[in-house]
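In: Would you be able to build a 3D model of this:
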Amino acid sequence: MSLEDLGWDAQFEAAFADFYSKGWEPARLIRDNKISYGAFLGDGTEMEVALGGSVYHAAQTDAELPAVGDWVALERGAEENEYEAVIRGRLKRKTCLSRKSAGKASAEQVIAANVDWVCVVTDAGRDFNERRLERYFEVIDRSGAQAMVLLNKADLFTEEQLESAKQKLLALLPGLRVVAGSALKGDGLESFLSPLKPGITLALVGSSGVGKSTLVNNLLGEEFQWTGEVNAVTGKGMHTTSARELLCLPSGGMLIDNPGIREIQLWTDAEELKASFADLDALALQCKFRDCGHGNDQGCAIQEAIAEGQVSRERLVNYLKLDEELERLSRRQKKRKITEGRRNRRELNSKAEKYRRER
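Out: Numbering: from 1, shown residues only. Okay, the predicted model is just below:
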């Protein structure tokens, strides 16, 4: 295994020049163990590495800390650490798949770094949700990676059901790569694997129990991920993956498996939202009133377009919901900055008071 097999290229090589001069070597993170990381080196060696204090303190947010898929600079044989190597730097990411942290937090959560493709695993039945899928596509588009969808468990659905799901997906994202197959039986996996070449990384996302672990086991040819029994009520497998990990496939390329994502909230801004809904923005300019709420307002161009079948009502509803979500996120971020500012001032005052007493 070479660095190129892991995704290394001329851009990363140039960015690593300063690290080479310090005697450090490149590695790609394959696992986050909370207190340490798993890393692959260019000679195929896998080792446990620790995060250097300078890297930790230089990160202003958790999203700036190393994540699975990142390229890092390792200092081997660091005497002050119990691990074989210490992370002394992280290279700038080419792509970054992230979302807003689950719950009420306003922080960014990195799902995977430096991925070329992101595959949403779903099915043509109960798991198929156009609004959730549209959110996935928004997040993937912002990451810089290409999107694809695997309609899993294809053997359980008719050709008409599969074709209907495919057309709905293409309506959401024209040109989308859609593969129908069965992770359990191995059907359709050749088409799924065709984009994966040495040096290419694909991340799997999707609901818990939709078949990602079964897919990983089939691709690796072994029981790498424990797979749970199928729930008799929902028809879904039990949640099995508990942590994300980068895996090298025998056929070439790499796969990042992710735990089931219960909610996919955007980590983005208003400008990016408008760019993804440019058609609605163009129509909004034609509304009779500038403060049009696009509901029952007189002279609403968007409502007229919906009535004429040019725009789906569901797309407008999703746009308005996303807009509201971004407003809430913006308010939480401002509140968080105020809280952090107050905390920093208290710490500075405490240090100043301690200094005065010591004098």
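
In: where do the helices sit along the chain?
Out: Secondary structure of the chain by DSSP state H: the helices cover 10-15, 17-21, 53-58, 130-143, 159-172, 189-193, 212-220, 270-276, 278-284, 301-307, 313-358.

In: Going by mean pLDDT, which of those comes out lowest?
Out: Lowest mean pLDDT within those: helix 270-276, at a mean of 58.

In: domains in the chain, as residue ranges please.
Out: 4-90, 96-257, 270-353 (automatic domain parsing).

In: In a markdown table: the ones you listed, plus mean neighbour count.
Out: Any C-beta I mention is one placed from the backbone N, CA and C, and that applies to glycine too. What follows is the domains of the chain, written out as a markdown table (neighbours: other C-beta atoms under 10 Å):
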| stretch | mean neighbour count |
| --- | --- |
| domain 4-90 | 16 |
| domain 96-257 | 18 |
| domain 270-353 | 13 |
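
In: Now do the contacts for residue 148.
Out: Taking C-beta atoms under 8 Å, 6 or more residues apart in numbering, we find residue 148 in contact with 117, 118, 119, 120, 176, 177, 178, 179, 195.

In: My guess is the fifth one contacts residue 170. True?
Out: Spelled out, it's residue 176. Yes: counting by C-beta atoms under 8 Å, residue 170 is a contact partner of residue 176 at 5.8 Å.

In: And residue 7, how far from residue 154?
Out: Using C-beta to C-beta, to the nearest Å, one obtains 30 Å as the distance from residue 7 to residue 154.

In: now residue 54
Out: Residue 54 sits 50 Å away from residue 154, taking C-beta to C-beta as the criterion.

In: Run through the residues that contact the residue nearest to residue 299 when sequence neighbours are not counted.
Out: Spatial nearest neighbour of residue 299, chain neighbours left out: residue 288 (2.6 Å); criterion: C-beta to C-beta, 6 or more residues apart in numbering. By C-beta under 8 Å, 6+ apart, the contact set of residue 288 is 297, 298, 299, 300, 301.

In: Which members of those residues occur in strands, if any?
Out: Within those, no residue falls in strands by DSSP state E.

In: Check the residues you listed against residue 248 and report the nearest one.
Out: Closest approach between these and residue 248, by C-beta to C-beta: residue 301, at 51.7 Å.

In: you'd agree that closest one is up against residue 284?
Out: Yes: the pair residue 301 / residue 284 is scored as a contact, 6.8 Å apart, by C-beta under 8 Å.

In: can you give me the strands for the stretch 51-200 of the chain?
Out: Remark: strands assigned in the stretch 51-200 of the chain by DSSP state E, counting those that start in this stretch are 71-76, 85-90, 96-100, 108-113, 117-122, 146-151, 177-180.

In: any low-confidence regions in the stretch 51-200 of the chain?
Out: Along the stretch 51-200 of the chain, the parts satisfying pLDDT under 70 run over 78-83, 100-107.

In: try 80
Out: Where the stretch 51-200 of the chain drops to pLDDT under 80, the residues are 77-84, 99-108.

In: any idea which residue sits dead centre in this protein?
Out: For the chain, residue 97 is the residue whose C-alpha lies nearest the centre (C-alpha atoms, centre = their mean; 3.2 Å).

In: Tell me which residues touch that residue, please.
Out: 110, 111, 112, 113, 115, 118, 139, 140, 143, 145, 203, 205.

In: From residue 31, how far off is it?
Out: Counting by C-beta to C-beta, the gap from residue 97 to residue 31 is 16 Å.

In: Also residue 59?
Out: 19 Å.

In: from what I can see residue 92 touches residue 15, true?
Out: Yes: using C-beta under 8 Å, residue 92 is in contact with residue 15, at 6.4 Å.

In: Was I right to think residue 216 contacts residue 203?
Out: No: with contacts counted by C-beta under 8 Å, residue 216 stays clear of residue 203, the gap being 11.8 Å.

In: who touches both of these two?
Out: Overlap of the contact sets of residue 216 and residue 203 (by C-beta under 8 Å, 6+ apart) consists of residue 255.

In: hang on, residue 46 packs against residue 31?
Out: No: contact criterion C-beta under 8 Å: residue 46 and residue 31 do not qualify, at 9.1 Å.

In: any common contacting residues for the two?
Out: Common neighbours of residue 46 and residue 31, counting by C-beta under 8 Å, 6+ apart, are residue 38.
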